[in-house]
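Participant: Here is my input, please return the structure:
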Amino acid sequence: MPVVHFDLNGRAVCVDVDGKELLVDTLRKRFLLTGTKKACGTDDCGACTVLIDNRAVRSCAYLTCMAEGRNVMTIEGLGTPWHLHPLQQAFIDAGAVQCGYCTPGMIMTVYGLLEEKENPDEEEIRMAISGNLCRCTGYQKIVNAVKLAAERRLMTANHSWEEIK
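Facilitator: A predicted model of the protein is given here:
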């Protein structure tokens, strides 16, 4: 069984895994990070989205051994219930959270988008979230949340998430 070393939410970790173990299973079962949802298991719904080196990746279609030497961030690494990330706060402020099942994957997807493009337009946002299924919101509130987060970030001096209060 290979030993895989990677940074998980800013902390160095190593884990013995079967070569066929999926990252979603490693995160949920071995690290008890259940914000990453295991839903379709076929790379179709986006509920399992995490960031690998700041790029959105479906962890249900990503082998844990492929994370060797990489930075992996889950929704738990983005913010906490006591100190939300500004993107999480924008989702709340825009009413983009309903049942909440898709929310972690949706937030990780748009975080990756906002790392690539500071101020995406509605079409770019919709394209980015097109692989994330949501049965509750109708997507417009999610688009509004992403726009709100981008606006707030652009209003800071260095366009930094850390400057947004």
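
Participant: mind listing what the residue positioned nearest the centre of the chain touches?
Facilitator: Nearest to the mean C-alpha position of the chain, by C-alpha atoms, centre = their mean, lies Met108 at 1.7 Å. Met108 is in contact with Thr49, Val50, Leu51, Ala56, Met73, Thr74, Ile75, Leu78, counting by C-beta atoms under 8 Å, 6 or more residues apart in numbering. Bear in mind the C-beta positions are built from the backbone N, C-alpha and C, glycine included.

Participant: Also Lys37?
Facilitator: Counting by C-beta under 8 Å, 6+ apart, Lys37 has contacts Ala47, Cys48, Tyr101, Cys102, Pro104, Gly105.

Participant: Closest one to Tyr139 out of those residues, please.
Facilitator: Set against Tyr139, the nearest of the contacts of Lys37 by C-beta to C-beta is Cys102 (10.2 Å).

Participant: Just the pLDDT at that closest one, thanks.
Facilitator: In this model, Cys102 is scored at 92, pLDDT.

Participant: ok, now how distant is Cys102 from Ala39?
Facilitator: For Cys102, the distance to Ala39 equals 9 Å [C-beta to C-beta, to the nearest Å].

Participant: Looking at these two, which one has more neighbours?
Facilitator: Neighbour count, other C-beta atoms under 10 Å: between Cys102 and Ala39, Cys102 has more, with 26 against 16.

Participant: What about the closest residue in space to the more buried one that isn't next to it in sequence, how many residues nearby?
Facilitator: Counting by C-beta to C-beta, 6 or more residues apart in numbering, Cys134 is the residue found nearest to Cys102 once chain neighbours are left out, at 4.5 Å. Per other C-beta under 10 Å, the neighbour tally for Cys134 reads 21.
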